[in-house]
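Asker: here is a sequence together with a model predicted from it:
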Amino acid sequence: MSIPPTPAPVRRATMVMYGIAVLVVGMVVVAILTMNLPTWTRVLGGLERNAMPLLRGFVNPNWGVFDLASRAMLETVFMAVIGTAIGAVLAFPMAFLAANNLLGSRLLAFPGKTVLVAIRTFPEILFAIIFVAAMGPGPVAGILAMGINSIGFLGKIFSDVVEGIDSGPSEAIRAAGGNDLHVFFYSVVPQVLPEFASYVLYRFEINLRAASILGLVGAGGIGAPLIQRLQFRRWDEISMIMIVIVVVIIVVDTLSSSVRRRLV
Amino acid sequence: MSHIIFRDVEVTYKGGLKALKGVSLEVPKGQFVVVVGLSGAGKSTLIRTVNSLVVPSAGDVSIGGESITRARGTKLRRMRSDIGMIFQTFNLVKRSSVLRNVLAGRLGDVNALLGLLGFFPRDDVAVAHDCLRRVGIPEKAFVRADALSGGQQQRVGIARALAQRPSVMLADEPVASLDPPTSHAVMRDLRRIAREDGMTTIVNLHFIDMAREYADRIVGMRDGVVVYDGPPAEATDAVFENIYGRPIDEEQDVRGRA
């Protein structure tokens, strides 16, 4: 018995893989060596001074701010709901304008795709800062920031869903004498709607997390009381606020994913 | 006068593939025609020229004396609504209910937006239920299409085509995705309904035995031309060997015995 020689392309591919691995490890080493990292003694000293009060605060959440935190979290949830709704409603038409198969050519879908990519280039915190500057602090700025960001995200995913549909039912509608509108409403929309709904819920989960920190730049929600207390290092109150955030997000996520499982 | 007339129909696809090279056929009203031939012989193309899903590059197809090849816009859609079509892959909206899929056959009369929201005229809903009864699955109306077996899904496909109340029925490899016993059951239903309604029917099939069993007339195609046209009784093994361009033996998969 003999082992046949490994073909040259396979050998070359293996060498490239090893090369990439060495490169990655090398980059990590160079990064650690060149960055000005604190020494162990400084890290330990900092822990002694800061970590103990922080830990003490976190294990004793201050129930005095529970009401305030709950109200702020409710506002956060509403912001996420409205922001997601704006995104979903506007992403719906955008998705079809960015779908190759529906428009019949890549060229026609290009402008729509470009707009969606452009929107996704910016993180929502950037939109939030711009809107706070433009219209003053408050939840409206946060809602708009989330809404616009959601258009980019949902529009892209929606159009991928549209591009993945089965063309058979559309042919059947056309064969039965349907026009483009019939094809759209009888074949395209029923095929994509459950997945659209599922992604809207998923985006709502993302937006709820985003809305929780948008307050840091003054765009409403629970981030505002959080950053005030962070500046004064009121760890017991911060602890309470974070507990409220975590509990609400876990509950919403669980509900949302169980609904999503049933949708598709 | 013949119901469907193909006159020197030629189809050349983009890229130069000549799928039909001058086909002329006349199909009288109510005839059940089975078109046989290998994959790529032009069967699917031929059947799609009848409802102009494929537009001939030369020649003409007319139905009841009216050219569908030259029909455009509203006229084309009106003519299509009189032609039912059944597909190999059923082409149902899998996530919609069976009833909704069947109602798609009524769309000529239904406002598209209202239909999407689930509002259909009572008469159309009644027609849809009636069509499901005729294909033997009335109890499946509110089940999602993807929860059905292949044979049941094809019956939904037939019911959708029936809901158009068509005078012409086209079936493109209607049983190619089904197992042999189910194939025969579906073919029997299709022929029974075609007879009851006096529909002119064109069916594409791979299988020799099935063609012989169900057809009033067999049309054999090879490389885009008709190489046989006659009654099933005269379609001997020699004829099929000519259609398939190779000897038929028991080993090969063209008989489709149940």
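Answerer: Nice, thanks for sending it over. As the structure is a prediction and not an experimental result, all values here were calculated from the model. Numbers count the residues shown, from 1 in each chain, chains lettered A, B, ... in the order given.
Asker: can you tell if the biggest helix by length in chain A touches chain B?
Answerer: Longest helix in chain A by number of residues, with DSSP state H as the criterion: helix A:66-97. No: using CB under 8 Å from any CB of the partner chain, helix A:66-97 stays clear of chain B, coming no nearer than 13.2 Å. In this view, the C-beta of every residue, glycine as well, is placed from N, C-alpha and C.
Asker: what residues of that helix count as buried?
Answerer: For helix A:66-97, the neighbour count (16 or more other CB atoms under 10 Å in any protein chain shown) marks A:69, A:72-73, A:75-77, A:79-84, A:86-88, A:90-92, A:94-97 as buried.
Asker: tell me the predicted confidence for the residue most central in space within chain A.
Answerer: Centroid check for chain A by CA atoms, centre = their mean gives A:I206 as the closest residue, at 4.6 Å. At A:I206, the pLDDT value in this model is 94.
Asker: give the contact list for it.
Answerer: A:F153 (CB atoms under 8 Å, 6 or more residues apart in numbering or on different chains).
Asker: which residues of the chain fall in helices?
Answerer: In the absence of a named chain, chain A is used. So, for chain A - with DSSP H - the helices run A:8-34, A:40-46, A:52-59, A:66-97, A:100-103, A:106-121, A:124-135, A:139-163, A:168-175, A:180-182, A:189-214, A:223-231, A:235-263.
Asker: think we crossed wires, I meant chain B
Answerer: Counting by DSSP H, the helices of chain B are B:43-50, B:73-80, B:98-103, B:112-116, B:122-134, B:150-163, B:180-197, B:208-214, B:237-244.
Asker: how many residues are close by the closest residue to A:P38 other than its chain neighbours?
Answerer: Spatial nearest neighbour of A:P38, chain neighbours left out: A:G46 (7.8 Å); criterion: CB to CB, 6 or more residues apart in numbering or on different chains. Applying other CB atoms under 10 Å in any protein chain shown, we find 11 residues neighbouring A:G46.
Asker: then A:A21?
Answerer: Neighbours of A:A21 using other CB under 10 Å come to 10.
Asker: returning to what we had before: select from the helices of chain A the stretch with the lowest mean pLDDT.
Answerer: Among the helices of chain A, helix A:40-46 carries the lowest mean pLDDT (a mean of 78).
Asker: figure out how far it is from the centre of its chain.
Answerer: 35 Å (CA atoms, centre = their mean, to the nearest Å).
Asker: again, but for stretch A:247-256
Answerer: Distance, centroid of stretch A:247-256 to centroid of chain: 16 Å (CA atoms, centre = their mean).
Asker: buried sites along that stretch?
Answerer: A:V248, A:I249, A:V252, A:D253, A:S256.
Asker: as a markdown table, those with distance to A:L116 would be great.
Answerer: Below are those laid out as a markdown table (distance: CB to CB, whole Å):
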| residue | distance to A:L116 |
| --- | --- |
| A:V248 | 30 |
| A:I249 | 27 |
| A:V252 | 26 |
| A:D253 | 26 |
| A:S256 | 23 |
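Asker: out of those residues, which one sits closest to chain B?
Answerer: Among the buried residues of stretch A:247-256, A:S256 lies closest to chain B (CB to the nearest CB), at 19.9 Å.
Asker: how about the nearest residue to the closest one, chain neighbours excluded?
Answerer: A:L201 (4.7 Å).
Asker: of the helices of chain B, which approaches A:R261 most closely?
Answerer: helix B:98-103 (22.5 Å; CB to CB).
Asker: gap between that closest one and the chain center?
Answerer: Centre to centre, stretch against its chain (CA atoms, centre = their mean), the figure for helix B:98-103 is 19 Å.
Asker: what separates B:A176 from B:D237, distance-wise?
Answerer: Distance check for B:A176 against B:D237: by CB to CB, to the nearest Å, it reads 22 Å.
Asker: residues of chain A that sit close to chain B?
Answerer: Residues of chain A lying near chain B (CB under 8 Å from any CB): A:166, A:168-169, A:171-179, A:181-182, A:184-187, A:189-191, A:193-194.
Asker: just the buried ones from these, in ChimeraX syntax?
Answerer: Command for ChimeraX that selects the buried part of those, burial taken from 16+ other CB under 10 Å:
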select /A:168,169,171,172,173,174,175,176,177,178,179,182,184,185,186,187,189,190,191,194
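Asker: which stretches of the stretch 101-250 of chain B have low pLDDT?
Answerer: For the stretch 101-250 of chain B, the stretches with pLDDT under 70 are B:108-113, B:115-116, B:118, B:248-250.
Asker: look at B:V34 and say how many residues are nearby.
Answerer: Neighbours of B:V34 using other CB under 10 Å come to 27.
Asker: how many neighbours does the closest residue in space to it that isn't next to it in sequence have?
Answerer: Leaving aside its chain neighbours, B:V34 sits nearest to B:A215 (3.7 Å; criterion: CB to CB, 6+ apart). B:A215: 22 surrounding residues under other CB under 10 Å.
Asker: list the contacts of B:A215.
Answerer: B:F32, B:V33, B:V34, B:V203, B:P232.
Asker: mind checking which of the residues you listed are in strands?
Answerer: B:F32, B:V33, B:V34, B:V203 (DSSP state E).
Asker: closest to B:G22 out of those residues?
Answerer: B:V33 (18.4 Å).
Asker: go ahead and confirm that closest one touches B:M199.
Answerer: No: B:V33 lies out of contact with B:M199 (CB atoms under 8 Å); the separation is 11.4 Å.
Asker: narrow the contacts of B:A215 to just the buried residues.
Answerer: B:F32, B:V33, B:V34, B:V203.
Asker: one step back: most widely separated two among the contacts of B:A215?
Answerer: The widest separation within these (CB to CB) is 12.6 Å, between B:V203 and B:P232.
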